[in-house]
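Engineer: Here is a sequence with its predicted model. Questions after.
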Amino acid sequence: MTLEWVHPGLLLIFGAWALPLLKGRLKRAAMLLLPGAALAICLALTPGTYGVVSFLGQEVIFGRVDRLSVVFSYVFSLMAFLGMVYALHVEDDSQHVAALTYAGGALGVTFAGDFLSLYVFWELMAISSALLVWQRREASAVAAGFRYLLVHVFGGLILLAGILIHWSQTGSLAFGDMGASYGGLAWTLILVSFLLNAAVPPLGAWLPDAYPEATVTGAVFMTAFTTKSAVYVLIRGYAGTELLVWLGAAMAVYGVVYAVLENDARRLLAYHIVSQVGYMVCGVGIGTALAINGATAHAFAHILYKALLFMGAGAVLQMTGARKLSEMGGLYKTMPVTLGLYMVGAFAISAVPLFSGFVSKSMVISAAGEAHLGPVFLMLTLASAGTFLHTGLKLPYYMFFGEDSGLRGQEPPRNMLVAMGLAAVACVVIGVFPGLLYQLLPNAIEYVPYTLQHVTSTLGMLSFTALGFFLLLRHLDPELTVSLDTDWFYRRGTARFVNLVEGPLARLEYGLVGEIYELVMRRPVLGAAYLLRKLDTVVIDTAAVGVGRSTQTFSRILKTVMSGHAQHYGLIMTAGILALLTLAVLAS
Amino acid sequence: MTAYPLLTATTFLPLVGAALILLGGERRARWIALVTTLATMAVSAPLYLHFDKASSALQFVESADWIPSWNISYTVGVDGISLPFIFLTSVLSVLCVGGSWTAVRARSREFYVALMVAETAMIGVFAASNFFLFYVFWELVLVPVFLLIGVFGGERRVYASVKFLLFTLAGSVLMLVGMISLYHTLGTLEFRALALASASLEPTHQAWLFAAFLASFAVKVPMFPVHTWLPDAHTEAPTAGSVILAGILLKMGAYGFLRISLPILPHGVQLFVVPMLVISVVAIVWGAYVTLAQTDIKRLIAFSSVSHMGFVTLGIFTLNRSGVEGAILQMINHGVISAALFLCVGMIYERTHTREIKDYGGIAKAAPLYSTFLAIFVLAGAGLPGLNSFVGEFLIIAGAFETQVWLGAMAVWGVALGTTYLFWLYYRMVMGGINPGLVGLKLELNAREVATLAPLALLALVLGLYPELVLSYLHAPVIELLAGGVAP
Amino acid sequence: MGSAMSFLQRQIEDPVRLTRIKRWCYVVLAIAALAEVVVSYVLHASHSHFSFEDFPAWGSLYGLVSCVAIILVSKLLGKVWLMRREDYYDS
């Protein structure tokens, strides 16, 4: 293995573990330098295949660098940097270690050229992100983290099964387009595991379950990596799979519908992740050059504006302690900067012209249009309206404006504001200069987002969505409820399962099999031993009359044999075995 | 060739130590044991350094006439399959001494003598190159282990030790009959010679022999449904006893399959392969489910061994290279991990004197080092890539998928369950608020305990990243094993 | 920042000013809808993929319809099926 390049993911992972050893300024500098260095490496990469290792007779490729993997690596490492800026103030080292390991894992997945390295980094991401949930250290977070971990381990095993079947069928572990094995068992299993990580319903309930439970800074990391690396692998392996078109469109609407019912601010945003990833999945499914570009661009933009949104909601959570919309309101007076930066993110996600979402989301929707997928086009546009409704209208209204709840906050620490500011700048820059992003996209396509029709149509849609919001405002008041999602199956369902295991199965093990042992082995053998003991007592009785002391001594020895002392049993057994052996050998 | 009989020295050095312990006093017993086990490791070093991995023949062969009139000689030798087990035995013996350092106070002389005799017997089983010697050592193992459980064990130790003895002996008797029958037919008891002459055994004869040996090996592994001795024996044994039982003794059963059944009885294997695969899968899944229901930590780990050994037998009976190599590797891995887990339980038990899970909780803050070690071993047992079990499981499951897809699927399901019960155990023991019953106890590890666990953690990591360290020994003998007519 | 905030505060909390803002909002709405119509019918600068896009002020209309539909359908689903007490899972 030649070391002509340094894997940026491994740099983050190993660097992360060195962080607890540093102190003070040096540690803070390292926290920023590590992702900065990773980003620099990614920018300096040239296309090619690097880091090829031979393992178990297969080629393991750690560095598959091409336009697709590189663009994702840019945004992942940039996100790692922004997240670290946001988390500079956090004293708990384990959060930083987990976060950087998680980011490094995502980079590892991005550059993986074969299934084995993919799987390794996949599992690493699952565990490190579970740690981010656990580190909030409250009862609900611990439980949610546990559920999250189990779901992802389960997904990882499905992936493993798919990989192994694929290996046995094709003899190769290379990771590329899976179209050749369309519909096969391996194809299905691997797709299911990718969909699980992408939070596609019905496999995605883990996302709104776990993300609100993570720490303020941890959640910002979580929004970026698991789902977008899943989008990346979907692009790599399943581009053009028609199923994804419909799953993606349904997903976009699903997230928006659930978001209406949500009271917890970060949970609402989490459902929006589901919705936005739906656009990406749909783009992957459509599979045309424009669609793939759109999915990639949208992933890029989404990471940045979603992080900004979570940063804003997290800042409110941190400074006021409130997470439920019903408890907030009137915060614009005391947290105006946060509000302003949050609104930049909200406009970006709503695809307001001049913001990043506009130039990326429209690509996917146009691709749907060009492919003449009418219903899909309508669903995606509907979801766009819904997105603006929640993220751009409902959430800021109840959080910052609305009925004054008496909650007073203050602006968060400077590093958090700087991080938000940087993300906001990125959202605007991409929106105003889309070419900067477009030139990074994998396929060379000419696309102009700023057409008169598009701009006016979007502005119209957004304005009238706002109208609808204010008309139905009183119906939207947040309520103190939880919504049922597919996680019901493993939250209520597991209780039933545990009853089964602790009841009938345990009874079977101890009852049936244990009983057989009793019948066949213990009673006969020990019963025979008991019988023999009785016998020798009788011998003593009769011998005592006629035979002399020698018999008594002899039976006393026999009694010692049956004394119940384990040591003596052992010796007798050994002697017996040797005797048997001798007998057998002599007899042959 | 070395100047002295290396293998014999490795095998019998612990016995010398046992004699010294008997002569020495109570207080010196454990020191003598420690020195002896370390010396055994040192003496065995040339075995690994000078081993020729490209050859599948027996190496370091030492031979002496024993009972010439019956063509029985004392012959020992190792090949790539037996050598890793000798390494495992010597390492675990050292760690057993370390783990029992403060736990065994009364009658420590007898305890360490039993340990030493057990080590000799175990190494002897793996070193023996003829059936007679193999059988002698196989039976010899029973005595010290029986004493370890029965004298030094927990509350139900007599019940457990007798159960263990009866189960194992029942199988051994049948193995004896089979051995005699082989001798009758083929006139030799040398493993190599038997394998070469296997073609002259009638298929029906092979089938009967397989069944006879199956009785013995299946009990040892243990395979479902003759596994019920294991939870009792493991739970009631002292820590060192559990480590030996789970770490080495179980592997002897699978080793028997590899050394005897597969090379000598290919027709028998073919006949029984489907039931073996089915029973293996049942063991994996059944064992895992029952493990989930356990409330006693030691019992939980013990039942998990049933499930893990199910993986091993599954791998062996796939009869393809991936499965067999994976199975052997997994035996070493499981030896490392279950030894580590039992050591962890033993250490915390010394402080809390309870094995019930409900008496634990939240020890993360009170014992961070312990929690870290436990985390490493739990992750390793769950099959995290980068730690040792992953590669073994990966190879076994790949081999299983090659044979039948549903076998692989059940194996993957077994991994899922295994991950679940291990994580759940960790969650209940380590996370959350500290259990009120544990407040005030000094739970953290001391230096000796760290020194005992650290090598295992290191092994878990090293084997996870460089499985070739073990696999490189296995390529040649496994290829030959499968070429000897047993592979489909 | 402080003066901007107090400016905003005055705008929102003064009912007279608030009414004026609302009036301007309606104007914006009208302009948005009108702009769409102008672009498609007067300037002929629209490239529609689908026939429904040619409906006058299509974006505005669909925005309103989507918003109302989402709110009503979601609330219905919630009331009928999905919404439970906060402590539903804490057993």
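Structural biologist: Happy to help now that I have it.

Engineer: Poorly predicted segments of chain A, please.
Structural biologist: Chain A contains residues with pLDDT under 70 at A:1-4, A:402-407, A:478, A:480, A:492-588.

Engineer: Strands of that one, residue ranges please.
Structural biologist: Using DSSP state E, the strands of chain A run over A:48-55, A:58-65, A:481-483.

Engineer: Name the strands paired with the shortest one and say parallel or antiparallel.
Structural biologist: To tie it back to what came earlier, the one meant is strand A:481-483. strand C:83-85 (antiparallel) (DSSP bridges).

Engineer: residues in contact with the strand it pairs with?
Structural biologist: Strand C:83-85 is contacted by residues A:261, A:479, A:481-484 when judged by Cβ atoms under 8 Å, 6 or more residues apart in numbering or on different chains. Backbone N, C-alpha and C define where each C-beta goes, glycine included.

Engineer: repeat that for 10 Å
Structural biologist: Contact with strand C:83-85 is made by A:261, A:263, A:479-484, A:488, C:75, C:77-78, as judged by Cβ atoms under 10 Å, 6 or more residues apart in numbering or on different chains.

Engineer: Can you report how many residues lie near residue 51?
Structural biologist: No chain specified, so I'll use chain A. A:G51 is flanked by 22 other residues according to other Cβ atoms under 10 Å in any protein chain shown.

Engineer: actually it's chain C I care about, not the one you picked
Structural biologist: 8.

Engineer: doesn't A:G374 make contact with it?
Structural biologist: Yes. Between C:S51 and A:G374 there is a contact under Cβ atoms under 10 Å: 8.9 Å.

Engineer: Any stretches of chain C with poor pLDDT?
Structural biologist: For chain C, the stretches flagged by pLDDT under 70 are C:1-13, C:43-46, C:86-91.

Engineer: Going by residue numbers, what spans are helices in it?
Structural biologist: Remark: helices assigned in chain C by DSSP state H are C:2-13, C:15-37, C:58-77.

Engineer: what does the stretch 51-200 of chain B give?
Structural biologist: For the stretch 51-200 of chain B, the helices defined by DSSP state H, counting those that start in this stretch occupy B:82-99, B:108-127, B:131-152, B:157-186, B:191-196.

Engineer: mind giving me CSV with the ones you listed and columns for mean pLDDT, distance to A:G386 and mean neighbour count?
Structural biologist: As requested, the helices of the stretch 51-200 of chain B are arranged in CSV below (pLDDT from 0 to 100; distance: least, Cβ to Cβ, whole Å; neighbours: other Cβ atoms under 10 Å in any protein chain shown):
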stretch, mean pLDDT, distance to A:G386, mean neighbour count
helix B:82-99, 92, 60, 25
helix B:108-127, 92, 67, 26
helix B:131-152, 91, 66, 23
helix B:157-186, 88, 64, 20
helix B:191-196, 84, 72, 19
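
Engineer: and A:T46, what are its phi and psi?
Structural biologist: Main-chain torsions, A:T46, degrees, to the nearest 10: phi -110, psi 150.

Engineer: now the closest residue to chain A within the stretch 1-150 of chain B: how far from B:D232?
Structural biologist: Nearest residue of the stretch 1-150 of chain B to chain A: B:G150, at 3.5 Å (Cβ to the nearest Cβ). B:G150 sits 12 Å away from B:D232, going by Cβ to Cβ, to the nearest Å.

Engineer: Quickly list what's touching both of the two.
Structural biologist: B:157, B:159-162, B:164.

Engineer: of those, list those near chain C.
Structural biologist: With Cβ under 10 Å from any Cβ of the partner chain as the criterion, the shared contacts of B:G150 and B:D232 include none near chain C.

Engineer: which one among the residues you listed gets closest to chain A?
Structural biologist: Using Cβ to the nearest Cβ, the shared contacts of B:G150 and B:D232 come closest to chain A at B:S161, 6.1 Å.

Engineer: Mind checking the helices of chain C for the one nearest to chain A?
Structural biologist: So among the helices of chain C, helix C:58-77 is nearest, using Cβ to the nearest Cβ, at 3.2 Å.

Engineer: Show me what counts as buried in the closest one.
Structural biologist: Residues of helix C:58-77 classed as buried under the neighbour-count rule (16 or more other Cβ atoms under 10 Å in any protein chain shown) are C:58-68, C:70-71, C:74-75, C:77.

Engineer: Is that helix positioned near chain A?
Structural biologist: Yes. Using Cβ under 10 Å from any Cβ, helix C:58-77 reaches chain A at C:58-75, C:77.

Engineer: per-domain residue ranges of chain A.
Structural biologist: As recorded under automatic domain parsing, the domains making up chain A are A:1-238, A:242-481, A:493-581.

Engineer: got those domains as a markdown table, with distance to B:F60 columns?
Structural biologist: Formatted as a markdown table, the domains of chain A follow (distance: least, Cβ to Cβ, whole Å):
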| stretch | distance to B:F60 |
| --- | --- |
| domain A:1-238 | 28 |
| domain A:242-481 | 59 |
| domain A:493-581 | 27 |
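
Engineer: For C:V39, find the nearest of those domains.
Structural biologist: Closest to C:V39 of the domains of chain A is domain A:242-481 (Cβ to Cβ; 4.9 Å).

Engineer: roughly how far is the closest one from the heart of the chain?
Structural biologist: 21 Å (Cα atoms, centre = their mean, to the nearest Å).

Engineer: Any idea how far apart the tips of that domain sit?
Structural biologist: End-to-end distance for domain A:242-481, by Cα to Cα, to the nearest Å: 36 Å.

Engineer: re earlier: ok, of the shared contacts of B:G150 and B:D232, which one's closest to chain C?
Structural biologist: Distances from chain C to these, taken by Cβ to the nearest Cβ, are shortest for B:A160, at 37.5 Å.

Engineer: show me the contacts for that closest one.
Structural biologist: Going by Cβ under 10 Å, 6+ apart, the list of residues near B:A160 reads B:149-150, B:153-154, B:229-237, B:241.

Engineer: quick one: B:T420 and chain A, what's the gap?
Structural biologist: Distance of B:T420 to chain A, given as Cβ to the nearest Cβ, to the nearest Å: 7 Å.

Engineer: neighbours of that residue, just the number please.
Structural biologist: Applying other Cβ under 10 Å, we find 18 residues neighbouring B:T420.

Engineer: residues contacting it?
Structural biologist: Contacts for B:T420 (Cβ under 10 Å, 6+ apart) come out as A:150, A:153-154, A:494, B:288, B:291-292, B:382.

Engineer: most neighbours, which of the contacts of B:A160?
Structural biologist: B:G241 (34 neighbours).
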